[in-house]
Each structure stands twice: as structure tokens, then as C-alpha cells.
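Student: how does the following fold in three dimensions:
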Amino acid sequence: MHGVDMTPRRRRNYNPQLVSSTRSYSTEEVCDLFEVHPNTIRNWRDKGLQVIDDRQPILFHGSDLKQFLKNMRSGRKHTCAPDELFCFKCRLPQKPKNNEFILVQSPGGQRRIRGVCNHCGTVMNRAVSSKNIDKLPASFCIVTPQQSNLKWE
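Tutor: Sure thing, here's the model as predicted:
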């Protein structure tokens, strides 16, 4: 197929629930469990994954591996303040430009607010429950796309 990238996507979220806290894992077992290359495990060791001892084969205690994966996952999470939306391009919570957002309701009743990133201009979204609509910050200005001069698509 011409022009289509066929390389497998990197998985960056590994399920810590697959790891038993009470057993030890070799590098090969961890590779098989998460379907990763041994170099990935080497990189994890460089980032702080503890080995049981300095002997061969290299072994990891399940509780250490589980905690490392949880820490790795939580390190990527960002909590947005009430007046922020998450920008996937900046990879950070950002305030919408001019504190303007539009309220969009999908056919299933799901509501979301949509704003334009103040930093890069990317459209940002955030799901909002109907009971929390009233709790949106007073600094937000609800507009329709026609009322705003911002690019919403």
C-alpha cells in the first residue's frame, strides 16, 4: 500500500494489573507479558526499574515492576483546573483563547465544551456532565461559533 505507514504503533500504557506482586520476572518474561523489545526493558531500568540483584539472569520483583508501571502512567497525567481544557498538541492544560468556549451537545445527550488553545490555536474539548454545567467558571464566555472570530474546526 503506497503512502500508508505500516509500522506498529508504540504502546505507552502498560497494564500493571497483568503483573503478579508476589513473583519474580525475567527480562524475557516481561517482554512476553507486554509484547515489548528487550531494549524497552533496558530503558525502564535506566529510568528506575529496580532489579533484584546484579546476577544473571536479570530479575525484577513483581511489586517493583507493578509500582514502576503505575508511576510511569501517573507521570503522564495532567489535571486541568476548572478554567482549563487539555490541549493535545501542547500536551498541557491550557486556557481557551479569550476565555471563550462553545457548548456542544451530541445526539446521545453528552455535553462538551470546546475552546481554542491560547498558546497554539488547536481546538480543545472537555466533557461536561449536565449537573456540572452550572459549575463552569464565571470567567468563561459561552458563545456560538458565529459570534466568535476564532477558528473552531
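
Student: how long is stretch 51-60 from one end to the other?
Tutor: 5 Å (C-alpha to C-alpha, to the nearest Å).

Student: residue most distant from the centroid, the chain?
Tutor: Distance to the chain centre peaks in the chain at Arg55, reaching 35.7 Å (criterion: C-alpha atoms, centre = their mean).

Student: show me the domain layout of this protein.
Tutor: The chain breaks down by automatic domain parsing into domains covering 16-74, 85-142.

Student: now these as a markdown table including mean pLDDT?
Tutor: Converted to a markdown table, those look like this (pLDDT from 0 to 100):
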| stretch | mean pLDDT |
| --- | --- |
| domain 16-74 | 93 |
| domain 85-142 | 79 |
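
Student: and the longest strand along the chain, how far out from the chain middle?
Tutor: In the chain, taking DSSP state E as the definition, the longest strand is strand 96-105. Centroid separation between strand 96-105 and its chain, computed with C-alpha atoms, centre = their mean, to the nearest Å, is 22 Å.

Student: what's the answer for stretch 77-97, then?
Tutor: In this view, stretch 77-97 has its centroid 12 Å away from the chain centroid, taken as C-alpha atoms, centre = their mean.

Student: give me the distance between the two termini of it.
Tutor: Using C-alpha to C-alpha, the end-to-end distance of stretch 77-97 comes to 23 Å.

Student: no further questions, thank you.
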